[in-house]
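> Build me a model from this:
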Amino acid sequence: MGTESGHSPDRINDPWGRRTPYGRGDTWPERVDTYLTADAEGGTRVDRWVATASNLHSNGDAMELAVRDGRLVGVRGVARDRVNHGRLDPKDLYGWQAIGSPDRLTRPLVREDGVQRATDWDTAMARIVDRARALLDGPGPSSIGFYTSGQLFLEEYYALAVLARGGLGTRHLDGNTRLCTATAGEALKESFGCDGQPGSYTDIDHADTIALFGHNVAETQSVLWSRILDRLAGPEPPVLLCVDPRPGPVSEAATVHLQPRPGTNLALMNGLLHEVIEGGWTDPAYIEAHVVGFDRLAQGVALFPAEAAAAATGVPAEQIRSAALLLGQADRLLSTVLQGFYQSHQATAAAVQVNNLHLVRGMLGRPGCGVLQMNGQPTAQNTRECGADGDLPGFRNWANPRHVEELAKIWNVPPDRIPHDGPPTHAMRLIRLAEEGSLRMLWISGTNPAVSLPELARIRAVLGQERLFLVVQDLFPTETTAYADVVLPAAGWGVKTGTFTNADRTVHLSLKAVDPPGEARPDLDIFLDFARRMDLRDASDAPLLPWRRPEEVFEAWKECSRGRPCDYSGLSYALLRERGGVQWPCTAEHPEGTERLYTDGDFRSSPEDCETYGRDLLTGTAYDADAYRSLNPDGKAVLRTAPYVPPPEQPDAAHPLWLITGRTLYQFHTRTRTGRVPRLHAAAPDMWIEMSGADAAAAGIAEGDLAEVSTRRGTVRARVRLTGIREGVVFLPFHYGYWDAPDGTGHHRAANELTPTTWDPASKQPLFKTGAARVTRARPAR
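Numbering: from 1, shown residues only. All right, here's what the predicted structure looks like:
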């Protein structure tokens, strides 16, 4: 076991650390990463180490925070943990420093005469309660909405779901997970009947083929990439397939790299599946026993031989055949999917085709055989599990009366208090309702839509309306808090206790390490305080949210999850303290947790049990119970399909390039925290424009020039980087907003000034990777 300290090596320039090679079927070796800051005398004394896990990406790396004299001074990975075996992402090593940033929000603010002024908690909460009561007495619950995060804790999401759905009775509750991984959840539901990752990170240890579909794992989940790199450096390395229009570390290591035109992922997947089926690389016995819809799938992809897929995607037919050969002849295939599919045209249909690939090949439920429809945030899985998004808690089906009655019984409220006469409201619909004026109060917690939502000029106009009462709950002043009528200072990771679940269903306990700054409060305490002040009660006239501590909420959640696919009933704070990360479902029958789902083809997809009856993936039209029962009476996996159609916004003479957006390794979301960490800020301090040499030459642009990217919605300016990105495509990182922008920037820095207001019909996820753009030179390099 090695140690990588803050003194050596430099994890900014060497983000994946040293290699620890291992072979197929072996255990990933430990490597403990550590970073400590010295005291005034140069010492590195630590008073205590406090358990937590990473909160600046979705990998769920177990770690411990170092405390000295009541302050955070460092971090180290946990060698025994199943997720990371001691390794840490650069954002983990340095990101904790944001907790001590001097510009944290420390007191509530209320708007008076157009100016935000500091006040006390009673005054701030009274403003919120008075407005909420007035709206409930007037237009009713549908005038109130909540927009939350993928970065709070499980206990906070569950309390918010109970408060909003069971207390106030509003259907208007969603998370910013709608922007990053709503398609992950929808794709899993469409194929397997419910959310929840079939695979496990340990499948990397056994796979002979790893396919990454729109998943830049080297930057979004650097520790997972370290695991893949260690397999590649060991005996019997896997082959890699990379699907990404951009180059990078993943494509450099890949056996085959496919660079499709933006918006054509479904056409590519249709072509790959056509070749797999035509090649005879299916598992007929598995299909017969565990799957419905094969004939329809085969008929659909028959229209996409390699040549047809090549014409649609711009990927050469021979490359498509080579990729299909890897997928079709794999003995143990692991596939991962992320934003390159989720935020592009026909997102759910394309992601579902990855599931279909595994179903027709029978590649599920065995070591090395799995699908990981990845998440983008540390607690995105909890947002979906707990019902703080467009689902009911416990992966229950809002269209199934029995599920609603079951949830009402758990909460001890009448079933008709839980809105279920139509689908819950997704984030883009929330904005539309606020724009139209029917949504009169919006409570935003832990997210920054004034930078992260598409078409920002429109978002600023909506958030700035006089008629909209806006509450924003966050750690720092942000572009969104600037519009708030009430700002609530929240206490985040490191200064509160709770649990969260990563992308492969591993649950970690995160303990409070130090006190929050000033008067900041945990999000849970804020939600519970609001519920008490509103006097929300159950059918027995008892408090609906009676809890005081996070562990009490966790125990209540366990009962809500009992018997559901995401069953936490065998977990406890004590068990998580003792063992570290544990994968759900964890029950009395499976006290060690569950490494893989569907090991015997036992899907949670029966009409009585499923989380959804499915949708038409082209139109988004929901199917009803009768249609689903006719299709899938025996609860098998479903091969959903949709015809490929080209993206509606195409490049033209005025806007000749495709625009895509994405992440960089050293920043997270809108840089609310990472932008305040010196090493991370220095590593990626500002926006850039990435384009091919050929496209740059055609526009008279050279490396380092200041250029403008324009779409039908706006213009941004940044320096140009020339790479091997697919010709005809321009890339912008989406992290950069305006809180630290130089004077005179105007609204010309955030990538989402340019992105369109459009979303996938099934998952309702905004499509940030399907616009048309023009790049022009502003001035030469310095």
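> Going along the chain, name the helices of the stretch 501-650 of the chain.
Listed in chain order, the helices of the stretch 501-650 of the chain (DSSP state H, counting those that start in this stretch) span 523-534, 550-561, 573-579, 625-631.
> Report the buried residues of the last one.
Taking 16 or more other CB atoms under 10 Å as the basis for neighbour counts, the residues of helix 625-631 that come out buried are Y628, L631. Every residue, glycine included, has its C-beta placed from N, CA and C.
> What is the least confident helix or strand in the chain?
Counting by mean pLDDT, DSSP states H and E, the weakest-scoring helix or strand in the chain turns out to be strand 3-4, with a mean of 44.
> residue boundaries of the helices in the stretch 1-150 of the chain?
Counting by DSSP H, counting those that start in this stretch, the stretch 1-150 of the chain forms helices over residues 90-95, 121-137, given from the N-terminal end onward.
> avg pLDDT for the shortest one?
If I follow you right, that is helix 90-95. If you average the pLDDT over helix 90-95, you get 97.
> Centre of the chain to it, how far?
Using CA atoms, centre = their mean, to the nearest Å, the distance from the centre of helix 90-95 to the centre of the chain it belongs to is 19 Å.
> Which strands or helices does that helix pack on?
In terms of contacts (3 or more CB pairs under 8 Å, 6 or more residues apart in numbering; DSSP states H and E), helix 90-95 is packed against strand 32-36, strand 71-77, helix 678-683.
> Strands along the stretch 201-350 of the chain, start to end?
When secondary structure is read from DSSP state E, counting those that start in this stretch, the stretch 201-350 of the chain shows strands at 209-213, 239-243, 256-258, 291-292, 333-337.
> For C610, find the nearest of those.
Put simply, out of these the one that sits nearest C610 is strand 291-292, at 12.7 Å, with distance taken as CB to CB.
> Which secondary structure elements does the closest one sit against?
The contact analysis (3+ CB pairs under 8 Å, 6+ apart) places strand 291-292 against strand 637-638.
> Name every strand pairing with the strand it packs on and say which way it goes.
The strands beside strand 637-638 in its sheet (DSSP bridges) come out as strand 291-292 (parallel).
> I'd like to know how far I277 sits from R779.
Taking CB to CB, to the nearest Å as the measure, I277 falls 53 Å from R779.
> Kindly report the same for R615.
Distance from R615 to R779, by CB to CB: 48 Å.
> what do you get for I526?
From I526 across to R779, the span is 47 Å (CB to CB).
> Which parts of the stretch 451-600 of the chain are strands?
Assigned strands in the stretch 451-600 of the chain, in chain order: 469-474, 486-491, 498-501, 506-510, 521-522, 582-583 (criterion: DSSP E, counting those that start in this stretch).
> what residues does the fifth one touch?
Spelled out, that is strand 521-522. For strand 521-522, the surrounding residues in contact (CB atoms under 8 Å, 6 or more residues apart in numbering) are 121, 156, 488-491, 495-498, 516, 529, 550.
> if we take those residues, which one ends up nearest to H345?
For these, the minimum distance to H345 (CB to CB) is 33.7 Å, reached by E156.
> secondary structure element for the closest one?
For E156, the enclosing helix or strand under DSSP states H and E is helix 154-161.
> mean confidence score for that helix?
Averaging pLDDT along helix 154-161 yields 98.
> Direction included, what does the following helix or strand past that helix pair up with?
Proceeding C-terminally, helix 154-161 gives way to strand 173-175 as the next helix or strand, assigned by DSSP H and E. According to DSSP bridges, strand 173-175 forms sheet pairs with strand 144-148 (parallel).
> what comes up buried for the strand it pairs with?
Judged by neighbour count (16+ other CB under 10 Å), strand 144-148 contains these buried residues: I144, G145, F146, Y147, T148.
> what's the nearest residue to the residue nearest the centre of the chain if we skip its chain neighbours?
Residue closest to the average C-alpha location in the chain (CA atoms, centre = their mean): G376, at 2.9 Å. Residue nearest to G376 in three dimensions, not counting chain neighbours: C180, with 3.4 Å by CB to CB, 6 or more residues apart in numbering.
> residue contacts, that neighbour?
C180 makes contacts with G150, Q339, Y342, Q343, N375, G376, Q377, A380, Q765, as judged by CB under 8 Å, 6+ apart.
> before we move on, what about T481?
Under the criterion of CB under 8 Å, 6+ apart, the neighbours of T481 are L105, L109, V472, D474, V487.
> For the residue nearest to A556 when sequence neighbours are not counted, list the residues it contacts.
Leaving aside its chain neighbours, A556 sits nearest to W547 (6.8 Å; criterion: CB to CB, 6+ apart). Residues touching W547, when contacts are defined by CB under 8 Å, 6+ apart, comprise A159, L528, V553, A556.
> next one: L88
The neighbours of L88, taking CB under 8 Å, 6+ apart as the test, are D33, Y35, S54, D61, M63, V75, R76, G77, V223.
> What distance do you get for it to L680?
As defined by CB to CB, L88 lies at a distance of 13 Å from L680.
> for A233, same thing?
Distance from A233 to L680, counting by CB to CB: 27 Å.
> of these two, who's got more company?
Legend: neighbour count by other CB atoms under 10 Å for A233 and L680, higher for L680 (27 against 12).
> I figured the more buried one was touching Y666, is that so?
Yes: in terms of CB atoms under 8 Å, L680 counts as a neighbour of Y666; the distance is 4.9 Å.
> returning to what we had before: of the contacts of W547, which is the most crowded?
Among those, where neighbours are counted by other CB under 10 Å, the top count belongs to A159, at 29 neighbours.
> Run through the residues that contact the nearest residue to that one once chain neighbours are set aside.
Sequence neighbours aside, F527 is the residue nearest to A159 in space, at 4.7 Å (criterion: CB to CB, 6+ apart). Taking CB under 8 Å, 6+ apart, we find F527 in contact with E156, A159, L160, L163, L545.
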